[in-house]
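Novice: just a sequence and a predicted model for now, questions to come.
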Amino acid sequence: MAGIAYEQALANLRNSDYAAPPELTDKQTLLKKYHPDYQEGSTQKLVVGANKGDACPTTLAKLLQSNAPITDADLAGALVINTEVLVVGAGGAGCAAALEVSAAGRKVILATKLRIGDSNTVMAEGGIQAAVGEDDSPQTHYADTLKAGHLCADKKLVAQLAISAPKTIRWLIEQGMSFDREDTSSLSSKLLRKKPGGATRARILSFKDYTGVEMMRVLREAVELDERIIVWNRCPLVELLSDEDGNCVGGVVYDLSTHRFMLVRASKVILATGGTGRLHLNNFPTSNHYGATADGMVLAYRIGAKLREIDSYQYHPTGVAWPSFRLGGLISEAARSAGAYLVNGEGKRFIDELLPRDIVSSAILRECAEGRGVEREGKVGVFLDVPDLERRNPGILKDRLVSLSHLGKQCEIDLTKEPVMVRPTLHYQNGGVVIDENGMTTVPNLYCVGEMSGGIHGRNRMMGNALQEIITFGRRAGEHAALTANQYPAPKVGLFHLYNWQRELILSNVPTDVYGPILFPEYGNFDFHKEISLRTRTKHSVKSNNDSL
């Protein structure tokens, strides 16, 4: 794929008159021709499980139809721990859920395969949506979200998101989160609102351009100060536990530090393990954190949970295209929301920068495919003209786009003088596990929240709805789980669902020597199946640890 040489493209940019881009008249044709979701041969149909017959990316299909890496023998010496609620994943959704469980006085364990806060939440820069303006309403937020998702979202979930959004902002402020204000010198000033792509109102609330970091700061502090929440870092969930009726009754956790299994019996399980970015679907770079490997969704599917829109993914328009060592890194929509233009190698704007993300990404890929992109050291993208934005808004990089300014320094680019090359990056999983308004899945006692859940965004997510989703539905799941949890775990727990699953794999001629989920990307050089196959298993007597919590 060739483009216009960087130096020539830069000269064209400096001579640009920034004329308005041509009006886009056929969005569907653009999507079908250039969006990665529509690439021929990139998907395959599932042949086992609740979504048998549905198509999804081949890489994901392999994991969804994988065999469990553990057996009953691995659990023979596992430490047995009882709790009322097990929360897996310590990003925004998991922390919000754990805080609500604790607030209700229930016992809760928060387990995460990395460390608390290591998540896509901290990667979210642009902001959070909530209809708090006098010219806005939850009804308008609801309508904008449905339209952006191509009318494919679950209306009940979208309504819950929009109605709960202002309350979520109030709750976050009560936790200590800061937001930008119209008058930076006054704490009594109104919250600063910006217009996200695809919206009809200014609805984005943010803190600089690292909103997710600020959100995770207050959530992490709240969790760490809560004595009722037991946090297990570096302890991934490797399988769910079931009873003889197929209900979820806990999970098998593996301690990466001690190389020991822990069998956690729980009345309710809340999965908040994030998305799929590190699978690098369609060979795209990703903006996602290191642990985004679809592990929670794989486990939920194996126990019987229904999925939806698993063929739909968001490719954020502005991932770093050059330099290579920052390839795929996120440049927040906050820059375009503030007025930065996208310019091709000919020095022309080619798309309305605030159209929905799938449209903008497809337009960028079209420019690159048709030779109008910018080429530098073998990488092809388009310009995000930050110098022009700074000229029109002196000081905006220093005051409002701090993360972008920092990224420029990492890339050794003076963004007041030189534009940054961008190209779509795999950013978000639009679909996921089917849930209701409380995060409940189709499997009794199992909840899924955050990016791994489906139905809220349809086939395209709006900027700012992800951060809103993780808090709104994380809290709701925590509240509901605490309300309905049984103090006494199921008397008989095990891997009962695996027997039916493995039988289905065999009858469908699916290889049983493919193991999943994967905990880290392939380049992480960690194979969990090999880890437990080669390690020397130290036998421990099984004991109940009811008093440890």
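Specialist: Happy to help now that I have it.
Novice: so what's the residue count around Gln410?
Specialist: When neighbours are counted by other Cβ atoms under 10 Å, Gln410 registers 12. For every residue, glycine as well, the C-beta is placed using N, CA and C.
Novice: for Ile169, list the residues it contacts.
Specialist: 128, 130, 132, 179, 191, 205 (Cβ atoms under 8 Å, 6 or more residues apart in numbering).
Novice: between these, which is closest to Ile310?
Specialist: Within these, proximity to Ile310 (Cβ to Cβ) peaks at Ile128, which comes in at 25.4 Å.
Novice: which segments of the chain make up each domain?
Specialist: 4-34+318-426, 80-312+430-484 (automatic domain parsing).
Novice: in the chain, which helix or strand is least confident?
Specialist: Ranked by mean pLDDT, DSSP states H and E, the weakest helix or strand in the chain is helix 528-534, scoring a mean of 80.
Novice: buried sites along it?
Specialist: By neighbour count with 16 or more other Cβ atoms under 10 Å, helix 528-534 contains the buried residues 528-529, 532.
Novice: now, which of the residues you listed sits nearest Tyr313?
Specialist: The closest of the buried residues of helix 528-534, once distances to Tyr313 are taken by Cβ to Cβ, is Phe528, at 24.5 Å.
Novice: contact partners for that closest one?
Specialist: Residues near Phe528 by Cβ under 8 Å, 6+ apart: 69, 238, 254, 515, 518-519.
Novice: and those residues, which are buried?
Specialist: Neighbour counting with 16+ other Cβ under 10 Å marks 69, 238, 254, 515, 518-519 as buried within the contacts of Phe528.
Novice: rewinding a little: tell me the one among the contacts of Phe528 nearest to Gly381.
Specialist: Gly381 lies nearest to Ile518 out of the contacts of Phe528, by Cβ to Cβ, at 29.3 Å.
Novice: ignoring the adjacent residues along the chain, who's closest to that closest one?
Specialist: Thr293 (5.2 Å; Cβ to Cβ, 6 or more residues apart in numbering).
Novice: tell me if I am right that that neighbour is in a strand.
Specialist: No. Checked against DSSP: H, G, I helix; E, B strand; the rest coil, Thr293 lies outside a strand; its state is coil.
Novice: number of residues surrounding it?
Specialist: Look at Thr293: counted by other Cβ under 10 Å, it has 27 neighbours.
Novice: OK, contacts around it?
Specialist: 276, 278-279, 517-521.
Novice: so how far is Pro521 from it?
Specialist: Taking Cβ to Cβ, to the nearest Å as the measure, Thr293 falls 7 Å from Pro521.
Novice: what do these two both touch?
Specialist: 278-279.
Novice: any idea which helix or strand comes after the one helix or strand Glu479 maps to?
Specialist: Using DSSP states H and E, Glu479 maps to helix 465-484. Next along the chain after helix 465-484, taking DSSP H and E as the criterion, comes helix 496-507.
Novice: next, give phi and psi for Pro424.
Specialist: Dihedral pair for Pro424: phi -50, psi 140, per degrees, to the nearest 10.
Novice: er, Ser185 actually
Specialist: Main-chain torsions, Ser185, degrees, to the nearest 10: phi -90, psi 0.
Novice: can you read off the pLDDT for Lys1?
Specialist: For residue 1 the amino acid is Met, not Lys. Per-residue confidence (pLDDT) for Met1: 68.
Novice: before we move on, what about Lys306?
Specialist: Looking at Lys306, its pLDDT reads 99.
Novice: which residues touch it?
Specialist: Going by Cβ under 8 Å, 6+ apart, Lys306 touches 50-51, 433-434, 441-442.
Novice: narrow the residues you listed to those in helices?
Specialist: Residues of the contacts of Lys306 located in helices (DSSP state H): none.
Novice: what subset of those residues is buried?
Specialist: In these, burial by neighbour count holds for 50-51, 433-434, 441-442, counting by 16+ other Cβ under 10 Å.
Novice: switch these over to TSV; also include pLDDT and distance to Gly117.
Specialist: Shown next, in TSV, are these (pLDDT from 0 to 100; distance: Cβ to Cβ, whole Å):
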residue	pLDDT	distance to Gly117
Ala50	98	32
Asn51	99	32
Val433	99	23
Val434	99	28
Thr441	99	25
Thr442	99	30
